[in-house]
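Enquirer: Attaching a predicted model along with its sequence, questions to come.
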Amino acid sequence: MSNPRTALGRYGEEVAARRLTEAGLTVLERNWRCREGELDIVALEGDVLAVCEVKTRHETGFQQPCEAVSRAKAERLRRLAERWLDERWPVHRARLHGAPARIPRHQPGGCPAPGPVQGGPAARGPVPPPTGGVRIDLIAVIGRRRGAALVEHLRGVV
């Protein structure tokens with residue numbers, strides 16, 4: 001039997017991804033993990049990379065989704081966003097512009113292997129961020145007893 005919290009979280013992430021797509025964002029990756037943690041959704045809005053933390057709650061809960069992001073969590077999201085950029089951005093940038101992608105080799109856990117990798121990000125030097133920059137968003141999803149979930153996309157709040 002699955003954990004009700006896990007099921008609620010999956011539901012919220014599914015609703016959030018759908019809403020982002022409907023709003024014109026391109027979802028690049030979902031549930032990216034490494035040893036340091038997880039990014040729920042990484043999306044592109046024009047030339048801005050949006051790293052999205054999804055927080056889902058029941059409408060009868062005592063805590064609002066926004067209250068669940070502490071300073072420590074915000075700092076971890078920033079570190080994870082930098083790590084994702086180092087590992088994944090060259091691949092996505094190449095795909096977006098039709099160039100062949102060089103994918104760095106990985107070690108278990110989803111993190112890039114240590115040291116320069118032939119053709120990997122470290123071998124090419126620092127990875128430039130997307131031209132529009134990077135922001136960390138919060139997607140607040142409130143599951144209701146009846147009707148569709150309430151979704152609020154808070155841009156750049158983390």
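Expert: Now that the structure is in, tell me what you want to look at.
Enquirer: Am I right that residue 138 is in a helix?
Expert: No - with DSSP: H, G, I helix; E, B strand; the rest coil as the criterion, residue 138 is located in strand rather than a helix.
Enquirer: List the beta-bridge partners for it.
Expert: As for beta bridges, residue 138 partners with residue 53, residue 154 under DSSP bridges.
Enquirer: and it, how many neighbours?
Expert: By other Cβ atoms under 10 Å, 22 other residues sit near residue 138. Every residue, glycine included, has its C-beta placed from N, CA and C.
Enquirer: wait, doesn't it sit right on residue 69?
Expert: Yes - contact criterion Cβ atoms under 8 Å: residue 138 and residue 69 qualify, at 6.3 Å.
Enquirer: so where's the chain uncertain?
Expert: Residue ranges of the chain with pLDDT under 70: 1, 61-63, 65, 91-127.
Enquirer: Okay, helices next: where are they in the protein?
Expert: 4-22, 71-96, 121-124 (DSSP state H).
Enquirer: so what's residue 27 up against?
Expert: Residues near residue 27 by Cβ atoms under 8 Å, 6 or more residues apart in numbering: 17, 20, 21, 41, 42, 43.
Enquirer: Residue 25: neighbour count?
Expert: Burial of residue 25 is recorded as 20 neighbouring residues (other Cβ under 10 Å).
Enquirer: Look up which residues are beta-bridged to the closest residue to it other than its chain neighbours.
Expert: Nearest residue to residue 25 in three dimensions, chain neighbours excluded: residue 43, at 4.2 Å (Cβ to Cβ, 6 or more residues apart in numbering). Taking DSSP bridges as the rule, residue 43 bridges to residue 27, residue 50.
Enquirer: ok now do residue 43, which residues does it touch?
Expert: Contacts of residue 43 by Cβ under 8 Å, 6+ apart are 20, 25, 26, 27, 28, 49, 50, 52.
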